[in-house]
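In: just coords:
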């Protein structure tokens, strides 16, 4: 073989190697794109789940604020009555000093 033939053989070998490497990289690219797409779908799904959980939490919080049991109402009335008595005592003391 002369130098030109060796160069052609070497060149064709390199081209085949590049083609094989290109095919490998193409397959890897496809799999990476699929993985990214799968992750995007999972992220979107989790964001929707989080939004629903926040809505549920806010609804429960609102329901808890609105749900006043008899015990809570009675306790609030007792506290209010005590505060009114304290204010009345203060007014009486102030009025008695003048």
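Out: Yep, it's here. From a predicted model like this one, the values you see are computed outputs, not experimental measurements.

In: Show me where the chain dips below the pLDDT cut-off.
Out: Filtered on pLDDT under 70, the chain yields the residue ranges 1, 66-71, 97-98.

In: So which residues of it form helices?
Out: Using DSSP state H, the helices of the chain run over residues 3-66, 70-97.

In: Could I get the ones you listed in a markdown table, plus columns for mean neighbour count?
Out: (Glycine included, C-beta is placed from N, CA and C.) Below are these laid out as a markdown table (neighbours: other C-beta atoms under 10 Å):
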| stretch | mean neighbour count |
| --- | --- |
| helix 3-66 | 10 |
| helix 70-97 | 10 |
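
In: chain center to stretch 6-18: distance?
Out: 53 Å (C-alpha atoms, centre = their mean, to the nearest Å).

In: And for stretch 4-14?
Out: 57 Å.

In: do the same with stretch 91-98
Out: So, by C-alpha atoms, centre = their mean, the centroid of stretch 91-98 is 59 Å from its chain's centroid.

In: For the remainder of this discussion, apply numbering that starts at 41.
Out: Let's use 41 as the start, then, which means that last one is stretch 131-138.
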